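# only the shape, not the letters, is given here:
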Ligand code: GDP
Ligand code: MG
């Protein structure tokens with residue numbers, strides 16, 4: 001048995017009586033992956049960052065420090081996921097255009113997928129640059145909530161009060177000119193599907209813990 005707000009099932013259908021109506025309760029229970037990237041660990045702000053997630057009421061159900069292998073980093077940022085790679089290429093092209101730079105000079109092409117593949121190497125390099133702290137957070141709307149607390153991907157655009165807005169000023173202009181990933185301190189799963197994939201990529205089932213948080217009934221009952 002579990003409390004309704006903290007059940008693993010997203011939609012619970014309760015049959016009241018035979019032949020009478022049923023009640024559907026949507027709990028939006030989710031797990032999501034957070035990585036405190038090498039820049040966050042090196043800067044010694046791991047505690048600050050984790051505190052922000054804890055304060056939201058989300059439950060920390062797994063954590064470990066790990067030096068990601070190139071293989072793990074390549075699975076996390078998959079070169080074979082066309083949509084992700086092309087999106088990265090388009091974004092990079094956009095910021096080069098904004099700066100009035102010619103993508104041909106840096107990448108030898110202006111084709112989004114080909115550029116995205118080159119940027120993917122920067123992402124793998126940045127994730128394997130040192131130890132990371134991996135976390136799984138659980139709670140209603142966990143994916144959206146964690147993204148909100150993390151802030152905009154680009155620290156220069158992230159609001160004050162968010163992790164990326166408060167602790168970084170990095171921008172595409174700086175990062176692209178140095179041919180590296182933007183240093184934005186945290187990774188947070190982008191949507192529910194990505195979260196399910198990433199939680200399973202970084203943690204085994206045995207590493208995901210189950211316990212009653214002191215506040216959970218006060219926040220969801
Ligand atoms: P996220 O989900 O907010 O982390 O953003 P994405 O999934 O779109 O991008 C993955 C990572 O790529 C980001 O966290 C940044 O470290 C990096 N990144 C995103 N956009 C850019 C960019 O325009 N230039 C560079 N150099 N890196 C970027
Ligand atoms: Mg992402």
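Structure received. Because the structure is a prediction, the values reported are computed rather than measured. Ligands and ions are numbered 1, 2, ... in the order given.
# could you point out which element follows the host helix or strand of residue 116?
Using DSSP states H and E, residue 116 maps to helix 112-127. Next along the chain after helix 112-127, taking DSSP H and E as the criterion, comes strand 132-140.
# work out the gap between that following strand and the centre of the chain.
A distance of 9 Å separates the centroid of the chain from that of strand 132-140, by CA atoms, centre = their mean, to the nearest Å.
# before we move on, the earlier item: when you scan the helix holding residue 116, is anything in it near ligand 1?
Yes: under the criterion of CB under 6 Å from any ligand atom, ligand 1 is reached by helix 112-127 at 122, 123. (Glycine included, C-beta is placed from N, CA and C.)
# need the pLDDT of the residue sitting nearest the centre point of the chain.
The structure's the chain has its C-alpha centroid closest to residue 188; by CA atoms, centre = their mean the separation is 1.1 Å. As predicted, residue 188 sits at a pLDDT of 98.
# so it makes contact with residue 152?
No: with contact defined as CB atoms under 8 Å, residue 188 does not reach residue 152; the gap is 11.4 Å.
# would you confirm that residue 117 contacts residue 82?
No: judged on CB under 8 Å, residue 117 makes no contact with residue 82 at a distance of 10.3 Å.
# these two: who's more crowded?
Comparing residue 117 with residue 82 by other CB atoms under 10 Å, the one with more neighbours is residue 117, at 17 against 11.
# tell me who's in contact with the more buried one.
79, 85, 89 (CB atoms under 8 Å, 6 or more residues apart in numbering).
# ditto for residue 180
Contacts of residue 180 by CB under 8 Å, 6+ apart are 122, 125, 126.
# list buried residues within the residues you listed.
122, 126 (16 or more other CB atoms under 10 Å).
# can I get the contacts of residue 180 in a markdown table with pLDDT?
Formatted as a markdown table, the contacts of residue 180 follow (pLDDT from 0 to 100):
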| residue | pLDDT |
| --- | --- |
| 122 | 97 |
| 125 | 98 |
| 126 | 98 |
